[in-house]
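Asks: Predicted model and sequence follow; I will ask about them next.
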Amino acid sequence: MTDEPAPVMAPEDFQQRLLAWFDRHGRHDLPWQKPRTPYRVWVSEIMLQQTQVATVLPYFERFMGRFSTIEALAEAEQDEVLHLWTGLGYYARARNMHKSARLVVQQHDGELPVHDMDAMLALPGIGRSTAGAIIAQSTGRRAVILDGNVKRTLSRLHALPGWPGQPRVERKLWELAEHYTPSCRLTDYTQAVMDFGATLCRRGQPECSRCPFNDVCIANVRGEQKRFPESKPKKTLPVRRAWMLMLNDARGRIWLEQRPPAGVWGGLWTPPQFDDQMSLRAWLDQHVPGAIVSSPEPVFTHTFSHFRLEIIPQPVRCDRLDAVREGGCWYDPEFPPALGVAAPVKLLLERQAPFALKPQDSPGKRGG
DNA sequence: AACCCGTGGCC
DNA sequence: TGGCCAAGGGT
């Protein structure tokens, strides 16, 4: 039953070809490489999880400008950390990184335990691949990574069957990654495999004609580069509905409440959200008696990776500030509080309120 | 083991 | 345009 896909070349050969390519075509001036400290590498690796480099760049600069040390991050409020993460997505990364910063200050004297793999894995938000990336890049010691780039590269190199999300396939990919990882120049090697996958062996339109492995790559020799890695089995997206109460006061502010610490947009601030119109009415009867609910506006659809959300905004005028319950805040567009606000919600605020949000509040958007 | 968790780029 | 996916990890 062991049809083990044998490595197609020796580690030394792989390393030599890859690093020769990297020296000429790799990225050598990414911001987290300038001072390549463990903290800066850590922040970049967390932001780069499931997120492309171009998206991360402005967020990284702003984040480091505010939290230049791990102590500064540890001392901050979670709300401010989430605020700087607004628009980047996967907000558990920010919550976990904030938690980890406090753990490192308390238990490791403020130094990331980059010489202790188990201690790294014990930090929330750092798994096997991210730990390997941080250790290899910041110390140069041997550590193995297996990110999407490496998975794609190794899948093609060996024409590895199966979707990489399958544990059995992923185990083999880890074995292969272990095989090819060299013992020296780990900083360059780790950056090189990621650059290689991101810029040459990319998902669509890989540049096989310029690839240093095109003579040994099984997928290329077969002319089947696009078949690997095999795609994830598709499934239909569930649809959820959310009635969002856009509570406006006389000054054009909107009432926001903090969401539970886990789940969608965990810890972020949104207008009061309800699953149906009845619970919305019930809430209004209790907190804003006499409020007039308008007929449902056209839904505002947002597609997540795993479900589709149909947002139904409900603008309601509310002039009595004390009518609203505790635990929320008025969101003032002129002086927005440093809170985390999800991207679609921000869009909603722009549309519903008689104002425009300030462009510098959204590092992902250019030009404004 | 299968889900859950965001957003933007790409074709 | 809509489906697919990206420097994954937690549960």
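Replies: The structure has been received and is ready for your questions.

Asks: can you map out the strands along the stretch 201-350 of chain A?
Replies: For the stretch 201-350 of chain A, the strands defined by DSSP state E, counting those that start in this stretch cover A:239-248, A:254-258, A:269-270, A:273-274, A:300-303, A:308-317, A:328-331.

Asks: how about the residues of the stretch 251-368 of chain A near DNA strand C?
Replies: residue A:305 (C-beta under 7 Å from any atom of the strand). (C-beta placed from N, C-alpha, C; glycine too.)

Asks: any idea how far the nearest residue to residue A:94 once chain neighbours are set aside is from DNA strand C?
Replies: Of all residues not flanking residue A:94 in the chain, residue A:85 sits nearest, at 4.0 Å (C-beta to C-beta, 6 or more residues apart in numbering). Distance, residue A:85 to DNA strand C, by C-beta to the nearest atom of the strand, to the nearest Å: 13 Å.

Asks: After the strand or helix carrying residue A:13, which helix or strand is next? Please name it.
Replies: Per DSSP states H and E, residue A:13 falls inside helix A:11-25. Remark: after helix A:11-25, the chain's next helix or strand is helix A:38-47, criterion DSSP H and E.

Asks: does any bit of that next one sit next to DNA strand C?
Replies: Yes. Counting by C-beta under 7 Å from any atom of the strand, DNA strand C has neighbours in helix A:38-47: A:44, A:45.

Asks: From the contact counts, what lies against that helix?
Replies: Helices and strands touching helix A:38-47, by 3 or more C-beta pairs under 8 Å, 6 or more residues apart in numbering; DSSP states H and E, are helix A:53-66, helix A:92-107, helix A:128-139.

Asks: Looking at the ones you listed, spot the one closest to DNA strand C.
Replies: Closest to DNA strand C of the helices and strands packed on helix A:38-47, according to C-beta to the nearest atom of the strand: helix A:128-139, at 2.9 Å.

Asks: buried residues in the closest one?
Replies: For helix A:128-139, a neighbour-count test (16 or more other C-beta atoms under 10 Å) marks A:129, A:130, A:131, A:132, A:133, A:134, A:135, A:136, A:137, A:138, A:139 as buried.

Asks: how about the residues of the stretch 201-350 of chain A near DNA strand B?
Replies: Taking C-beta under 7 Å from any atom of the strand as the contact definition, the stretch 201-350 of chain A meets DNA strand B at A:204-205, A:263-266, A:302-307, A:342-344.

Asks: Those residues, buried ones only, as a PyMOL selection?
Replies: Buried members of these, defined by 16+ other C-beta under 10 Å, are picked up in PyMOL with:
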select buried, chain A and resi 264+265+266+302+342+343+344
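
Asks: Could you list which of the residues of the stretch 201-350 of chain A next to DNA strand B belong to helices?
Replies: Per DSSP state H, helices hold the following members of those: A:343, A:344.

Asks: Just want the residue of the stretch 101-250 of chain A that's nearest DNA strand B.
Replies: Closest point on the stretch 101-250 of chain A to DNA strand B, by C-beta to the nearest atom of the strand, is residue A:167, at 3.8 Å.

Asks: quick revisit: so the residue nearest to residue A:94 makes contact with residue A:91?
Replies: Yes. The pair residue A:85 / residue A:91 is scored as a contact, 5.9 Å apart, by C-beta atoms under 8 Å.

Asks: Have a look at those two and say which one is more surrounded.
Replies: A direct count of neighbours by other C-beta atoms under 10 Å for residue A:85 and residue A:91 places residue A:85 higher, at 23 against 20.

Asks: I am finished for the moment; much appreciated.
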